[in-house]
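**Student:** Fold the following.
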Amino acid sequence: LFQEEIDSLEDLAKFKPIWVDLESPTPEEKRWVRQHYGISIPDDAMDEDIEESARFYEEDNGELHIRTDFLIDDAEDPRAERVAFIMNLDNDSLKSKGILFSIHDEDVPVMRLLRLRARRMPGLISDAREVLLKLFDADAEYCADSLEGVHDELEKISEYVLKGNVTDSEASEVLATIARQEDINGWIKRNVMDSRRAVSFMMRRKMLSAEQFEEARQILRDMDSLDSHTGFLFEKINFLMDAISRHFDQVVDAKMKLTVENQKEKEKRQCAECNIHVKGQDLFAASAHQDLYAAIDELVDKLDRQVVRYKNKLQDHSSANKHWVQ
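**Tutor:** Residues are numbered from 1 along each chain as shown. As a prediction, this is how the structure comes out:
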């Protein structure tokens, strides 16, 4: 298996491929496929809201249609990419017989992985059915690698959380990391379920050879194992989420307790200030009273002295008159 880039209808006619991969095909490229192979790509091939019963079916002309999602394990934006497969295995009247057509909007890591393996192992793929099987086999391995990455991240978080003494900012970062791993694990679980349906459809259709059928059974066993592992990781995620939640609950309780104690201390301080203020007023009033009494005493003394001086003057005046009469 080797890869060729097609730039025109003439280039397409030069080869007898077993796999035609259309990534974000233009209307012109779709026209080339229709004109040369007699195959039409449905307008709803990439729709996300198609019911399960409409994702796996066979046309009257013998074309098999399989629409499934493949995981894109992006650290910032994990997601699934819809891929539509069309394969004609029985209709000899069409040039499309024995060719797998795949249509998708963006690059799919599983397809990259398969192309790399095919270049390193020339005898790996012999026909279109083998391409489709190897894609799902590579998909199971890709999901396993992603699950291993999730498991490693959760192990780091477990050691970090269980050692204790986690600050609020660190706990927030840990919570965000757990949420990201939960999201990735959810996408893996969905992808495994989708791929299992597609492989089961191929087995029910009896389109596989005995050797390929056994390979498909092994792929299903691998996916069952992945499914149970995603369940284990969900339990681990829930445990870590509970541990972090308990940490936040303890922090909230401590802050509430501290707030209450601060409020009590504030009330005590205000009470003490009030007592000091009242006592200050009492002291000021006592001081004012003492000043008033002293002023009154001083005034009385002054009046007494004036009365004495006045009496002395009267006595002196009376003595002077007696002397004049004499």
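**Student:** three-state assignment of D60?
**Tutor:** For D60, the assignment made with DSSP: H, G, I helix; E, B strand; the rest coil gives coil.
**Student:** D90 versus that one, what's the distance?
**Tutor:** For D60, the distance to D90 (CB to CB, to the nearest Å) stands at 12 Å. Any C-beta I mention is one placed from the backbone N, CA and C, and that applies to glycine too.
**Student:** neighbour count winner among these two?
**Tutor:** The neighbour comparison of D60 against D90 (other CB atoms under 10 Å) goes to D90, with 13 against 6.
**Student:** Verify the stated contact: the more buried one with L64.
**Tutor:** No - at 9.3 Å, D90 does not count as touching L64 under the criterion of CB atoms under 8 Å.
**Student:** all helices of the stretch 1-150 of the chain, in order?
**Tutor:** 9-13, 27-37, 109-120, 128-162 (DSSP state H, counting those that start in this stretch).
**Student:** so what pLDDT did D105 get?
**Tutor:** On pLDDT, D105 comes in at 91.
**Student:** tell me the contacts of it?
**Tutor:** Taking CB atoms under 8 Å, 6 or more residues apart in numbering, we find D105 in contact with 23-24, 46, 81-82.
**Student:** Just the buried subset of these, please.
**Tutor:** Buried residues within the contacts of D105, counting neighbours by 16 or more other CB atoms under 10 Å: 46, 81-82.
**Student:** Turn those residues into CSV, including distance to W19 and pLDDT.
**Tutor:** Shown next, in CSV, are those (distance: CB to CB, whole Å; pLDDT from 0 to 100):
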residue, distance to W19, pLDDT
M46, 19, 70
E81, 17, 93
R82, 18, 92
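**Student:** Adding distance to F70 as columns, could you present those in JSON lines?
**Tutor:** JSON lines is the format used below for these (distance: CB to CB, whole Å):
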{"residue": "M46", "distance to F70": "13"}
{"residue": "E81", "distance to F70": "5"}
{"residue": "R82", "distance to F70": "8"}
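**Student:** and F136, what does it touch?
**Tutor:** Contacts of F136 by CB under 8 Å, 6+ apart are 195, 198-199, 216, 219.
**Student:** Kindly report the same for R129.
**Tutor:** So R129 contacts 87, 89, 100, 202, 207-209, 212 (CB under 8 Å, 6+ apart).
**Student:** Give me the buried subset of those residues.
**Tutor:** 87, 89, 100, 202, 207-208, 212.
**Student:** Out of the contacts of D105, which sit inside strands?
**Tutor:** 23, 81-82 (DSSP state E).
**Student:** where along this protein do the strands fall?
**Tutor:** Under DSSP E, the chain gives strands at 19-23, 56-58, 63-72, 79-88, 100-104.
**Student:** So which of the ones you listed is nearest L116?
**Tutor:** L116 lies closest, by CB to CB, to one member of these: strand 19-23, at 13.9 Å.
**Student:** Partner strands of the closest one and their direction?
**Tutor:** Using DSSP bridges, the strands paired with strand 19-23 are strand 100-104 (parallel).
**Student:** quick one, the partner strand and helix 109-120 angle?
**Tutor:** Per axes from the mean of the first three to the mean of the last three CA atoms, to 10 degrees, the angle that strand 100-104 makes with helix 109-120 is 140 degrees.
**Student:** hmm, who's touching strand 100-104?
**Tutor:** Here strand 100-104 has contacts from 18-25, 33, 37, 39, 41, 45-46, 81-87, 111, 128-129, 131-132, using CB under 8 Å, 6+ apart.
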